[in-house]
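A.B. asks: Next one to model:
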Amino acid sequence: MCGIFGAVSFSEKFNANDFAQFKKLTDLVSYRGPDASDYKGFNSNERSVDNNNFNIFFGHRRLAIIDLSDEGIQPLFSDNCWIIFNGEIFNYIELREELKSRKCNFNTNTDTEVIIKIYKEFGESGFDKLNGMWAFAIYDVEKNKIILSRDRFSIKPLFFYTDKNKLFFASEIKQLLPLLDRRELELERMKIFLNQGLLDFDDQTLFREIKRIKPKTNLIIDLSSNEIIESKYWDYSNQLIEGSDKELFIKFYEQFNDSVRIRLRSDVKVGSLLSGGLDSSAITASALKFTSNSIETFSVISEDKRFSEERFIDLFTSYYKIFNKKISLNTNYLKNNIDIVLQHQDEPFNYFIPVAHYNLISSLNENSDIIVILNGQGGDEVLLGYLRFYFFYWKKLLSEKKFFILAKELYLSILNRTAILQFRINAAKRYLPQKLLNEKDFLISKSELINVWQYEDIRQAQINDIDYYSVPFLNRYEDRNSMAFSKEIRLPFLDHRLVSFLVNISPDKKMRNGWSKYILRKSFTELPSAIRWRRDKKGFILPESNWLRTDFKEEIINMFKSKNNLLAKMNLINPDKFLNYYQKFLSGDKRIHNTDISRIYIAEKWLQKYFG
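C.D. replies: Numbering: from 1, shown residues only. Modelled structure (predicted):
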C-alpha cells in the first residue's frame, strides 16, 4: 500500500521547479508510504530520465508489505516500462509461475514487477488476470504511452485533473488541490449529497475539476497523438450459476477460503479485526486454518455496554482457544476528531461512523504492531445482508405471484425474529423516493433524484450497491483512515471471483427462511451456533442521535444562525427551515433519522474547511 503522484505534459516541458513542486505533492501523503520514496522525471522524446527537462513525472511513497528489500522501491523499471503502484496483487505467486512458463524472467520478488510482465505479455486487457486492489501508472517507453488503472471495486483511490495541455494524477484529492487555479464546488453533486447522502458513485468529485478513475477501468494516454482513451478491462459475467444447495455452498466455501488464503500473503505482520459479527468471524475462522491458529486477532470494545459485542468475541476466542487483544473505544472521545477525519477524507461523509473508524485504527496503531488488517467490508453487499434486499426479494416474489414462497418467507421471518421485525422506516428513506421529495423543505434547490429504489431484479440492485451506492463510499473512508496510520486493510469479500459468483447465483441462496447471508451461515458449520445464527447486526453503533441532541446542539444552532453559513450563501439550504427541521428532531420526531442532521452539519464543516 502506497501513495502516488504523476504529471504529464502534452506540450512544453516541466522544469526543475516543477520537479520540486511535484516531489512535495508526492510527499503530501507520506503517511501512505513511510518506508521509502523516490521520484523520476522522464523525457519521452529522448527516452531518458531527466529531472530538469521532462514531460512525465512519477512520484512514489512506499509502505513495504511484500519483498521488503530495496528492490521494491518505486518507480520500478522492467521490460522498458516504469511503474508506480499503490495496492497489492494477491495472486502474484501464481501469475509469476504462469509468466515463467512463458519464458519471462524476474529481477525482484515483488508483485509490482508481475504487473509489468502481465502488461507486456497480454496488454492492458491482461489486468483482468490480477486478483487484488490497485491504482497504478505504467509508462511504456517503447510505445510512448501511459496507462492508469484502478481495481474492480474502488478499493484503492486514483484521481486526476486536466489543465490545458497537462494531466495530473494522485492517490488523494489533497495532492491535486494546489494545482487548481481556483476551487469550484460541483453544485449538482453537493445537492445530491445533501438530499440523498450519495457520493463516490461516479467519476465526479465535489471539486468540479477533479475526477476519479473509474473502477474496472484503464485510462490510456497516447503521448504521440495526445489521445486519451478510457477502456474497461473487466465486467460481471451475465451467466446465471446453477446447482444444488450442496454444490453451490461447497463452491462458495472453497472460494471464500481461497480469498482469505491469498490475502494472508505478506512479509509484515497480518492481523484480523474480530468484531463478533458473522462476517469477521468467518474471515478469522478461515485465517486460523491457514496460519495454524497463529494469526493475531484484535477487537475494539465499546465502553457503552449497550453497544458492546464482547460476549460474541469471547465466545469465538474461547471456542477456538486463541488470544485476542481487546482495545477499548471511548465513543464520547471520538466525536472530537471530526476535523482531522475531514482532512484525511477530502470529501464529506453521511454520519459519524468514519470518525469512529478513524479512532478504531488509531487505537490499533497505539496498541499493536500489526500492519495488515483483514476486514469484512463488502460482506453485506455481496451476500445481500442489508434488510432492504429482503424487501426487494419479497416484492419480487409478489410480482411473480409466488405466493406460497412469499408466505413462507414472511412467516419464518416472524418466527425467527429476523428481517420483518427489524425494519425501520426512517433508516430506509434513501429507498423511498416520495419521502425524500417531501420532507426536506429546507433544501432550496433539489437535484433530480438518483434512482436507488427501482431495479429490474435483485441482481442489479446488488451490483449497483457494489459498484456505485455503497461499497465505493465504504472503501473510501476505510482507505483514508487506515492509510493515515500506514495500515493496509484487505477485504476477502471483495475478491472478484467471489463477487462474480455471488451476484450470479439466485437470491434464495443468499436469503432464505427470513435469514440474510444464508449461504454463509450454512457453509461455515465450524462457527459457534450463537454467532452463525445471530439475528442482530450491530457494526459501528454510536450514540449519534444523543450527540446531535446534546454535545453538538449549540454548535449546530450557531452554525445555521451565522451569516457566514456557506450552505446558505451558496443557496443550497434555507437555514431557518433547517433549524425548524432540527427542532423537530430535538423534539423526538421519529421520521427524521440522525443522518439527516449529521449530513448537513458535516457538509457545512467541510465547506468551511475547503471553501471558507
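A.B. asks: so what secondary structure elements neighbour the helix or strand hosting residue 578?
C.D. replies: Using DSSP states H and E, residue 578 falls within helix 575-586. Other helices and strands packing on helix 575-586, by 3 or more CB pairs under 8 Å, 6 or more residues apart in numbering; DSSP states H and E, are helix 544-549, helix 553-561, helix 594-611. For the C-beta atoms, the positions are set from N, CA and C on the backbone; glycine is no exception.
A.B. asks: starting at the chain centroid, how far to the last one?
C.D. replies: Read that as helix 594-611. 21 Å (CA atoms, centre = their mean, to the nearest Å).
A.B. asks: what does the first one give?
C.D. replies: On the basis of CA atoms, centre = their mean, the separation between the geometric centre of helix 544-549 and that of its chain is 26 Å.
A.B. asks: just to revisit the earlier point, the inter-axis angle of the helix holding residue 578 versus helix 594-611?
C.D. replies: With axes from the mean of the first three to the mean of the last three CA atoms, to 10 degrees applied, the angle from helix 575-586 to helix 594-611 works out at 140 degrees.
A.B. asks: so residue 326 sits in a strand?
C.D. replies: Yes. Assessed with DSSP: H, G, I helix; E, B strand; the rest coil, residue 326 lies in a strand.
A.B. asks: neighbours around it, how many?
C.D. replies: 16 (other CB atoms under 10 Å).
A.B. asks: That one contacts residue 310, doesn't it?
C.D. replies: Yes. Using CB atoms under 8 Å as the test, residue 326 is close enough to residue 310 to be in contact (7.4 Å).
A.B. asks: between those two, what contacts are shared?
C.D. replies: 299, 301 (CB atoms under 8 Å, 6 or more residues apart in numbering).
A.B. asks: quick revisit: send the alpha carbons of the helix holding residue 578 over as CSV?
C.D. replies: What follows is helix 575-586 as a C-alpha-only set of coordinates in CSV (Å, rounded to 0.1, in the frame of the first residue of the first chain):
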residue,chain,number,x,y,z
PRO,A,575,-31.1,27.9,7.3
ASP,A,576,-34.2,28.9,9.2
LYS,A,577,-36.2,26.0,7.7
PHE,A,578,-33.3,23.7,8.6
LEU,A,579,-33.3,24.8,12.2
ASN,A,580,-37.1,24.1,12.3
TYR,A,581,-36.3,20.7,10.9
TYR,A,582,-33.6,20.2,13.5
GLN,A,583,-36.0,21.3,16.3
LYS,A,584,-38.4,18.6,15.2
PHE,A,585,-35.5,16.1,15.5
LEU,A,586,-34.8,17.5,19.0
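A.B. asks: angle of that helix against helix 553-561?
C.D. replies: 160 degrees.
A.B. asks: I'd like the distance from helix 575-586 to the chain centre, please.
C.D. replies: The answer for helix 575-586 is 32 Å, by CA atoms, centre = their mean.
A.B. asks: The stretch 251-400 of the chain: strands as residue ranges?
C.D. replies: Along the stretch 251-400 of the chain, the segments classed as strands by DSSP state E, counting those that start in this stretch run 270-273, 296-302, 324-329, 372-374.
A.B. asks: Tell me which of those strands sits nearest to residue 67.
C.D. replies: Residue 67 lies closest to strand 372-374 among the strands of the stretch 251-400 of the chain, at 14.3 Å (CB to CB).
A.B. asks: Check which residues of the closest one are buried.
C.D. replies: Neighbour counts over strand 372-374 (16 or more other CB atoms under 10 Å) mark 372, 373, 374 as buried.
A.B. asks: In TSV: these, plus pLDDT and distance to residue 275.
C.D. replies: Listed next are those as TSV, based on pLDDT from 0 to 100; distance: CB to CB, whole Å:
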residue	pLDDT	distance to residue 275
372	97	17
373	97	12
374	97	12
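A.B. asks: Tell me the one of those residues nearest residue 238?
C.D. replies: residue 374 (30.8 Å).
A.B. asks: residues contacting the closest residue to the closest one other than its chain neighbours?
C.D. replies: Nearest non-adjacent residue to residue 374, counting by CB to CB, 6 or more residues apart in numbering: residue 272, 4.4 Å away. Taking CB under 8 Å, 6+ apart as the contact definition, residue 272 lies against 280, 283, 284, 287, 295, 296, 297, 298, 373, 374.
A.B. asks: picking that back up, Serialize the strands of the stretch 251-400 of the chain to JSON lines and add fields for distance to residue 415.
C.D. replies: Converted to JSON lines, these look like this (distance: least, CB to CB, whole Å):
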{"stretch": "strand 270-273", "distance to residue 415": "33"}
{"stretch": "strand 296-302", "distance to residue 415": "31"}
{"stretch": "strand 324-329", "distance to residue 415": "34"}
{"stretch": "strand 372-374", "distance to residue 415": "34"}
